[in-house]
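Asks: coords below, sequence missing:
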């Protein structure tokens, strides 16, 4: 099902529909500040299993979508310098790799000790997580097949994945560039993948 939600003034009724699907353990596809992404509630084991099945062997590439930095600090360990760097660059098209705290569910970690932190510069994505009341496990719909339109056009995304997910949020045509991935687990930030984001 395709559900239109506008970035400037997201409809509360439409957001409630998305949150209801997530609370029931469903997976949704939603817009970000880069390509569209799959998402499920961090507290929904069934949703996490569905997400793993949809993405196959790249399950370790999942990131966690947060509504803001205060929520990040609940699930990740970070020092003052890391917090300042995140504050300068988020919301934005980045995934920052950080050490997970004990609050992160084992099911979501899948034996990892680090998680990718995502706070997109997209009002719809952030409103969904804020209304849900917990982070979302997330990963891009983009594949290595190079079919850009199936990662950016909500109508085509619905055509391809609509039967496998609870709903597709139509937030308009998405971006083509992926996020920039930055590893913050060492002494200095290391850019793991260059993408749309430019570090400040």
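Replies: That came through, no problem. All figures in this text were calculated on a predicted structure; none of them were measured in a lab.

Asks: all contacts plus neighbour counts: C-alpha atoms, from now on.
Replies: Will do.

Asks: Count the residues that sit near residue 103.
Replies: Counted with other CA atoms under 10 Å, the neighbours of residue 103 add up to 9.

Asks: what sits against it?
Replies: Counting by CA atoms under 8 Å, 6 or more residues apart in numbering, residue 103 touches 74-75.

Asks: what about it, which SS state?
Replies: coil (DSSP: H, G, I helix; E, B strand; the rest coil).

Asks: Residue 33 now?
Replies: Residue 33 is classified as coil under three-state DSSP.

Asks: What separation do you get for it and residue 127?
Replies: Separation of residue 33 from residue 127 (CA to CA, to the nearest Å) stands at 14 Å.

Asks: the more surrounded of these two?
Replies: More neighbours surround residue 33 than the other of residue 33 and residue 127, with 23 against 18 (other CA under 10 Å).

Asks: Please look at that one and residue 173 and confirm they touch.
Replies: No: using CA atoms under 8 Å, residue 33 is not in contact with residue 173; the gap is 10.5 Å.

Asks: Any buried residues in stretch 148-159, and which?
Replies: For stretch 148-159, burial by neighbour count (16 or more other CA atoms under 10 Å) applies to 148-155, 157-158.

Asks: now do stretch 44-64
Replies: 44-45, 47-52, 54-55, 59-60, 62-64.

Asks: Looking at these, which are in helices?
Replies: 45, 47-52, 54-55 (DSSP state H).

Asks: Let's have those residues in a markdown table, adding pLDDT and distance to residue 193.
Replies: Output for these, formatted as a markdown table (pLDDT from 0 to 100; distance: CA to CA, whole Å):
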| residue | pLDDT | distance to residue 193 |
| --- | --- | --- |
| 45 | 92 | 29 |
| 47 | 94 | 27 |
| 48 | 91 | 24 |
| 49 | 91 | 26 |
| 50 | 93 | 26 |
| 51 | 92 | 22 |
| 52 | 89 | 22 |
| 54 | 89 | 23 |
| 55 | 84 | 19 |
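
Asks: Tabulate those residues (TSV), appending distance to residue 1.
Replies: Formatted as TSV, these follow (distance: CA to CA, whole Å):
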residue	distance to residue 1
45	22
47	17
48	20
49	21
50	17
51	17
52	21
54	17
55	20
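
Asks: Could you list the low-pLDDT ranges of the protein?
Replies: 57-60, 106-111, 143-147 (pLDDT under 70).

Asks: which helices and strands does the strand ranked longest in the chain pack with?
Replies: When the chain is parsed with DSSP state E, its longest strand is strand 94-100. On a contact count with 3 or more CA pairs under 8 Å, 6 or more residues apart in numbering; DSSP states H and E, strand 94-100 meets strand 76-77, strand 114-118, strand 180-183.
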